[in-house]
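Colleague: need a structure here:
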Amino acid sequence: MEISIYNETEEKIDDELKIMHDVLVHGIDKLKVGDVIFNVIIVDNEYIHHLNKDYRGIDRETDVITFALEDDKTFNPVERILGDVYISIDKARSQSEEYGHSLKRELCFLGVHGMLHLLGYDHMKKEDEEVMFKLQEDILDEMGIKR
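Modeller: You can find the predicted model right below:
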């Protein structure tokens, strides 16, 4: 398993990103998906806004956006390179304040959310949302990441 986390901002969040890495490793182990590779990239609102506009046609920032390689028809099941998760540090900070929990909790939540998207989970239908959101909460709770 290889989970690389890159902080492309000036924010001093090394401790939070170390915990996020541990939470993501736990999530992969819990889901028993085998040996996977993916990246998490921390960016600012401006950068994620451009990604959202260019790739999704949505002209605003978002908290997390994923680029899943397994959606591609050239997917090789032997070598599971899942893709990339981009997280806006600005949105993570404002959402942590809005929801009344720590930045650590919000970053871990967004990391797990993005990881689940890379693995094919979605929340477009109510029944899919229930499965995905329960997994998110279970992974976070098991690692002691509480609201």
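Colleague: low-confidence ranges in the protein?
Modeller: Along the chain, the parts satisfying pLDDT under 70 run over 71-79.
Colleague: What are the boundaries of the strands in the chain?
Modeller: 2-7, 36-43, 64-68, 80-88 (DSSP state E).
Colleague: which neighbours does the second one have in its sheet, and in what orientation?
Modeller: Listed by DSSP bridges, the sheet partners of strand 36-43 and their directions read strand 2-7 (parallel), strand 80-88 (parallel).
Colleague: again, but for the shortest one
Modeller: Paired with strand 64-68 in the same sheet, following DSSP bridges, are strand 80-88 (antiparallel).
Colleague: thinking again about what came up before, closest to residue 25 out of the strands of the chain?
Modeller: strand 2-7 (6.5 Å; Cβ to Cβ). No exception for glycine: its C-beta is placed from N, CA and C like everyone else's.
Colleague: quick one, helices of the protein?
Modeller: 14-31, 45-56, 89-99, 103-118, 126-142 (DSSP state H).
Colleague: Looking at the ones you listed, which is nearest to residue 82?
Modeller: That would be helix 103-118 among the helices of the chain, by Cβ to Cβ, at 4.1 Å.
Colleague: Run through who's touching the closest one.
Modeller: Applying Cβ atoms under 8 Å, 6 or more residues apart in numbering, the contact partners of helix 103-118 are 13, 15-17, 19-20, 23-24, 27-28, 38, 40, 42, 63-66, 68, 70, 82-83, 85-87, 92-93, 95-96, 99, 132, 135-136, 139-140, 143, 145-147.
Colleague: Can I have the buried ones of these as a PyMOL selection?
Modeller: Selection of buried members from these for PyMOL, criterion 16 or more other Cβ atoms under 10 Å:
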select buried, resi 13+16+17+19+20+23+24+27+28+38+40+42+63+64+65+66+68+70+82+83+85+86+87+92+93+95+96+132+135+136+139+140+143+145
